[in-house]
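A predicted structure for the sequence below; I have some questions about it.
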Amino acid sequence: MLEVVLKQYLEAVLDEPVYLEIPAGAAAEYYSLERVGGRETDEGVYESSITIESHGSSMYKSALMDEAVIAAMKDANTCEEIYGVRLNSHYNATDTERKIYKYKALFDVNHY
């Protein structure tokens, strides 16, 4: 499962925890990962859209975490199951009403 592969990879290279489901009482700084789309090609490989949110204790920390996860994902093709990663977009996704600071990055991942 791609999500598990990416979670394990990112936990090994990033300083903050990576969650597929955010637990109650999570630390102030963490990443959340979700598959938001994808398809299987005629060749039997997959193209998936993955979002990774960088939740930080401040806007600045969230932005730093966003840059760190983008750099880490550029090397995710070192995982055996992944053969290509492309950053589709990234942006500030802060919830201003609740003061929850986060950036969101969307990646297109080619995998087996």
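Looks like it arrived, so ask away.

Leu64 belongs to a helix?
Yes: per DSSP: H, G, I helix; E, B strand; the rest coil, Leu64 lies within a helix segment.

May I have the residues that are in contact with it?
Contacts for Leu64 (C-beta atoms under 8 Å, 6 or more residues apart in numbering) come out as Gly56. From N, CA and C alone the C-beta is placed, and that goes for glycine too.

where does it land on pLDDT?
Reported pLDDT at Leu64 in the predicted model: 98.

With Gly25 instead?
Gly25 is given a pLDDT of 88.

Strands along the protein, start to end?
Ranges of strands within the chain are 18-19, 30-40, 46-56, 82-92, 101-111, based on DSSP state E.

And the ones you listed: which comes nearest Ser62?
Nearest to Ser62, of all these, is strand 46-56, at 3.4 Å by C-beta to C-beta.

Could you dump the strands of the chain into JSON lines with mean neighbour count, mean pLDDT and distance to Leu6 added?
Converted to JSON lines, the strands of the chain look like this (neighbours: other C-beta atoms under 10 Å; pLDDT from 0 to 100; distance: least, C-beta to C-beta, whole Å):
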{"stretch": "strand 18-19", "mean neighbour count": "20", "mean pLDDT": "97", "distance to Leu6": "8"}
{"stretch": "strand 30-40", "mean neighbour count": "15", "mean pLDDT": "96", "distance to Leu6": "6"}
{"stretch": "strand 46-56", "mean neighbour count": "20", "mean pLDDT": "97", "distance to Leu6": "7"}
{"stretch": "strand 82-92", "mean neighbour count": "14", "mean pLDDT": "97", "distance to Leu6": "8"}
{"stretch": "strand 101-111", "mean neighbour count": "20", "mean pLDDT": "97", "distance to Leu6": "8"}
